[in-house]
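Chemist: predicted model and sequence follow; I will ask about them next.
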Amino acid sequence: MTNRDKCSLIACIIIGLLIATGSFAQTNTSNNLTKKPGMENTNGTAITLKGDTIYTVGKLPAVGTQAKDFTLTAVDLTEKTFSDYKGKYIIMNIFPSVNTGICAKSVREFNKDAASLDNTTVLCISKDLPFAQKQFCGAEGIERVVMLSDFRNDFGNIYGVQMVDGAMRGLLSRAVIVIDPEGKIVYEQQVPEIGQEPDYAPALAAVK
């Protein structure tokens, strides 16, 4: 075999390897693009967004269990923890964003109902920046609930409410959790459809 033939053979081998490697990478990329992260999360909760099934990162804490500690950011940028509210009934109104109609309505409803509840604090929790939450409360005259942000904390994962796929991936799902003064979960509600309001009556009844 001449040197020229050897060079041609080597060149063919290299080209073949490059083609094979490129095809493999392309196949892997294609497969990765078709994966839906939430579909593999068997520990999550299936909910819907405009009828399409999506998943949360986990499940809500069960009734009768001890509430987990958390850290959230208030509208004045101070850090708030579970211990700041313990000793009262706590209603957690959890939602994607105050900039959507249903979320804003839930804040108004709980703000209206909170006035009649003794020894109760309503925490409205979302991934909105504290500045946006403060602006919303000022514009709406919201004074009886506490707005808290999960924008730099891990509440969504701790309480299993962060969405892992769909257009709102990374935001919090719509849910309500009620905690008694001893720190036990006495009511939980994962709203099945993001565009649906929570059922306010049973949440309020849990503190009466």
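Modeler: Great, that's in hand.
Chemist: partner residues bridging the residue nearest to residue 152 when sequence neighbours are not counted?
Modeler: Nearest residue to residue 152, sequence neighbours excluded (Cβ to Cβ, 6 or more residues apart in numbering): residue 73, at 6.4 Å. Quick note: C-beta positions are derived from backbone N, CA and C, even for glycine. Per DSSP bridges, the residues bridged to residue 73 are residue 79, residue 149.
Chemist: per-residue pLDDT, residue 73?
Modeler: Listed pLDDT for residue 73 reads 98.
Chemist: who are the contact partners of it?
Modeler: Contact analysis of residue 73 by Cβ atoms under 8 Å, 6 or more residues apart in numbering lists 79, 80, 130, 148, 149, 150, 151, 152, 153.
Chemist: for residue 136, give me its contacts.
Modeler: 98, 99, 104, 107, 128, 142, 147.
Chemist: the last one against residue 132, yeah?
Modeler: By that I understand residue 147. No. Between residue 147 and residue 132 there is no contact under Cβ atoms under 8 Å: 9.4 Å.
Chemist: the two - which one has more neighbours?
Modeler: residue 147 (24 against 18; other Cβ atoms under 10 Å).
Chemist: helices of this protein, residue ranges please.
Modeler: In the chain, the helices defined using DSSP state H lie at 3-34, 101-114, 130-140, 155-158, 200-205.
Chemist: and the third one, which residues are buried?
Modeler: Looking back up the chat, that one is helix 130-140. For helix 130-140, burial by neighbour count (16 or more other Cβ atoms under 10 Å) applies to 130, 132, 133, 134, 136, 137.
Chemist: which residue is the nearest non-sequential neighbour of the fourth one?
Modeler: Counting by Cβ to Cβ, 6+ apart, residue 75 is the residue found nearest to residue 134 once chain neighbours are left out, at 3.9 Å.
Chemist: which residues touch the one you found?
Modeler: By Cβ under 8 Å, 6+ apart, the contact set of residue 75 is 130, 131, 133, 134, 137, 147, 149.
Chemist: reformat these into CSV and put pLDDT next to each item.
Modeler: Output for the contacts of residue 75, formatted as CSV (pLDDT from 0 to 100):
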residue, pLDDT
130, 97
131, 96
133, 95
134, 94
137, 92
147, 96
149, 98
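Chemist: widest-spaced pair of the residues you listed?
Modeler: 137 and 149 (12.2 Å; Cβ to Cβ).
Chemist: which residues outside stretch 200-208 are in contact with it?
Modeler: With contacts defined as Cβ under 8 Å, 6+ apart, stretch 200-208 is touched by 89, 91, 106, 109-110, 113, 117, 120, 176, 178, 180, 186-187, 189.
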